[in-house]
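Novice: I need the structure of the sequence given here:
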Amino acid sequence: MSEPWLSADDVAMHLGVTKDTVYAWIADKGMPAHKVGRLWKFQASEVDAWVRSGGSSAGGAA
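Specialist: Model prediction:
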């Protein structure tokens, strides 16, 4: 069964951060996200791997 797509709100809740932080991480730190129309969609497994690899703390502030 395929993994469900998550919204920015879902990812923010999953990581315990604000939605603004999620958008900043997409723009500034390369958080894995896929644009679907006007919405950003996420796969939890990709986001989790990105966090584990240090993506959320790599350079800059967000």
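
Novice: The lengthiest helix in the chain: how far from the chain's middle?
Specialist: Secondary structure assigned by DSSP state H gives helix 19-29 as the longest helix of the chain. Counting by C-alpha atoms, centre = their mean, to the nearest Å, helix 19-29 is centred 7 Å from the centre of its parent chain.

Novice: That one: which residues count as buried?
Specialist: 21, 22, 23, 24, 25, 26, 29 (16 or more other C-beta atoms under 10 Å). Every C-beta, even on glycine, is put in place using the N, C-alpha and C of the backbone.

Novice: same deal with stretch 3-19?
Specialist: The neighbour-count criterion (16+ other C-beta under 10 Å) identifies 6, 8, 10, 11, 12, 15 as the buried residues of stretch 3-19.

Novice: next one: stretch 32-47
Specialist: By neighbour count on 16+ other C-beta under 10 Å, the buried set for stretch 32-47 is 33, 40, 41, 42, 43, 47.

Novice: Now do that stretch: distance from first to last residue.
Specialist: For stretch 32-47, the first and last residues are 6 Å from each other (C-alpha to C-alpha, to the nearest Å).

Novice: List of residues touching it?
Specialist: For stretch 32-47, the surrounding residues in contact (C-beta atoms under 8 Å, 6 or more residues apart in numbering) are 3, 5-8, 10-11, 14-15, 22-23, 26, 31, 49-50.
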